[in-house]
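[1] Quick check, what structure comes out for this input:
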Amino acid sequence: MRVAILISGSGSNMVALAQSMTGDHPARPCLVLSNDPNAGGLAKAQAMGIPTAAVDHRPFKGDRAAFEAALLEPLLAAQPDLIALAGFMRVLTADFVRRFDGRMLNIHPSLLPKYKGLHTHARAIEAGDAEAGCTVHEVTPALDDGPILGQARVPILPGDTPDTLAARVLPMEHQLYPLVLRRLATGNRTPVNLP
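    Residues are numbered from 1 along each chain as shown. Next comes the predicted model:
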């Protein structure tokens, strides 16, 4: 299976996914695509020999339909079977998401359905939660709302800040996302749960 990975920043989850797709893995990365031409993950993908493309969202000035039309050009040219959002910080329209129904994944830094959207670690700490974590889910038109395909949990420790909590959640993201992708590439949608 061909996997396109969409990023906006350093691409640490993209690297974890790409490094996992070797040997007997049923999928291979076919494209790393970013909405930021300066995203650090693009150079990492190029160093790994993965084709890259960038469509800067800024010139579209809020015209999401035009931005997504431009985004579709390199994406469709790569002919992906699956799309993995890995720190892609743009909200996609319902029309775009429906085009890839059942074939688009996202990783979100909370235990969904808790804390959809931004500032997830701060919100978990402020709520007094005992644990936090990350979720891989199928992308649907509603934000951070699709079927859950995997979760990983970490305890919230006394004195945690959003930054210290994020630093403990990120390695779990790097474990969870490749596990879910591999299972999904074999047709298995049974949710994965780590600790």
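[2] and the most centrally placed residue in the chain, what pLDDT?
    Among the residues of the chain, the one closest to the centroid is Ala86, at 2.6 Å (Cα atoms, centre = their mean). Ala86 carries a pLDDT value of 98.
[3] Which residue comes closest to it once chain neighbours are left out?
    Nearest non-adjacent residue to Ala86, counting by Cβ to Cβ, 6 or more residues apart in numbering: Asn13, 3.9 Å away. To be clear about C-beta, it is placed using only N, CA and C from the backbone, and glycine gets the same treatment.
[4] That neighbour should be in a strand, yeah?
    No - Asn13 is assigned helix when assessed by DSSP: H, G, I helix; E, B strand; the rest coil, not a strand.
[5] Domain ranges for this protein, per the record?
    With automatic domain parsing as the criterion, the domains of the chain are listed as 1-100, 102-195.
[6] Distance across the shortest one, terminal residue to terminal residue?
    With Cα to Cα, to the nearest Å as the measure, the first residue of domain 102-195 is 26 Å from its last.
[7] next helix or strand past the longest helix belonging to the chain?
    Looking across the chain with DSSP state H, the single longest helix is helix 162-185. Counting by DSSP states H and E, the next helix or strand C-terminal to helix 162-185 is strand 192-194.
[8] what pLDDT, on average, does that following strand get?
    Computed over strand 192-194, the mean pLDDT rounds to 96.
[9] Buried residues of that strand, list them for me.
    Residues of strand 192-194 classed as buried under the neighbour-count rule (16 or more other Cβ atoms under 10 Å) are Val192.
[10] Tell me the strands beside it, with direction?
    In the sheet, strand 192-194 lines up against strand 148-155 (parallel) (DSSP bridges).
[11] Show me which residues of the partner strand are buried.
    So for strand 148-155, counting by 16+ other Cβ under 10 Å, buried means 148-152, 154.
[12] And Thr161, how far from Ala167?
    Distance, Thr161 to Ala167, using Cβ to Cβ, to the nearest Å: 9 Å.
[13] Near Thr135, how many other residues are there?
    27 (other Cβ atoms under 10 Å).
[14] Helix, strand or coil: sort out it for me.
    strand.
[15] what's the spacing between it and Pro59?
    With Cβ to Cβ as the criterion, Thr135 and Pro59 are 32 Å apart.
[16] can you check Asp81 too?
    Asp81 sits 30 Å away from Pro59, going by Cβ to Cβ.
[17] who's more crowded, those two?
    Using other Cβ under 10 Å as the criterion, Asp81 and Pro59 rank with Asp81 on top: 15 against 10.
[18] if I pick the more buried one, what's in contact with it?
    1-3, 27, 103 (Cβ atoms under 8 Å, 6 or more residues apart in numbering).
[19] all strands of the chain, in order?
    2-7, 28-34, 52-54, 82-85, 104-108, 131-138, 148-155, 192-194 (DSSP state E).
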